[in-house]
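> from the sequence below, what's the structure:
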Amino acid sequence: MRFQLSAFVYLFFYLIFASVCVASGCSAPPCGRVINKTRWPGKYGDFGGKKHKCHIYNWNDGHGSIKWDEKRGVPCTQYDLDADSSKGGFTHDRIDVDGITFHDRRWRIIWEHGESYDFAKGVWAKIGSGEEITCRENKEVPECKVKCVTDVLNACIGD
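Now for the predicted structure:
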């Protein structure tokens, strides 16, 4: 009985929240968020958009489910992320940030479980809806740490 009830509760929340938290907007948590505490501007992305193509590193290596296409990229809409600014999160501006990149420099990401990766300039990292990424300067390189702020419905992709 307990298992059936928890499965029902999970299904209920999945049906309610999976449809309201889309890439560009977020009317209910969880929502991806990026905090850029560097002096360099970056980009954040909506991977449901159609204006651009984003080359995303971590959608084909066990962190996500969309296949990486090196030649064509993934349809996305890119937005400017100013230096010393933030974007996304349900309790902030109700935008669900799907990814981040720095177009003019190499950069590094460190996932909560310890894995890290050095990115070439312009290569994107996927942000799960339950994740928050904080970027700081480390020896002239943006270093971005991923933190799972809520894992409702397995919203953190690095777990």
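
> please count neighbours and contacts with C-alpha atoms only from this point.
Fine.

> what about the helices in the chain?
2-20 (DSSP state H).

> show me what contacts the nearest residue to Tyr44 once chain neighbours are set aside?
Among residues not flanking Tyr44 along the chain, Ile100 sits closest, at 4.5 Å (CA to CA, 6 or more residues apart in numbering). For Ile100, the contact set (CA atoms under 8 Å, 6 or more residues apart in numbering) comprises Val34, Gly42, Lys43, Tyr44, Gly45, Trp124, Ala125, Lys126, Ile127.

> make it 6 Å
Contacts here follow CA atoms under 6 Å, 6 or more residues apart in numbering; on that basis Ile100 touches Lys43, Tyr44, Trp124, Ala125.

> for the third one, give me its contacts.
Remark: with contacts taken as CA under 6 Å, 6+ apart, Trp124 is in contact with His55, Ile56, Tyr57, Ile100, Thr101.

> and what of Gly88?
Contacts of Gly88 by CA under 6 Å, 6+ apart are Arg33, Arg94, Ile95, Asp96, Val97.

> now do the contacts for the closest residue to the second one other than its chain neighbours.
What sits nearest to Arg94 in space, not counting adjacent residues and going by CA to CA, 6+ apart, is Cys26, at 5.0 Å. Under the criterion of CA under 6 Å, 6+ apart, the contact partners of Cys26 comprise Arg94, Ile95, Asp96.
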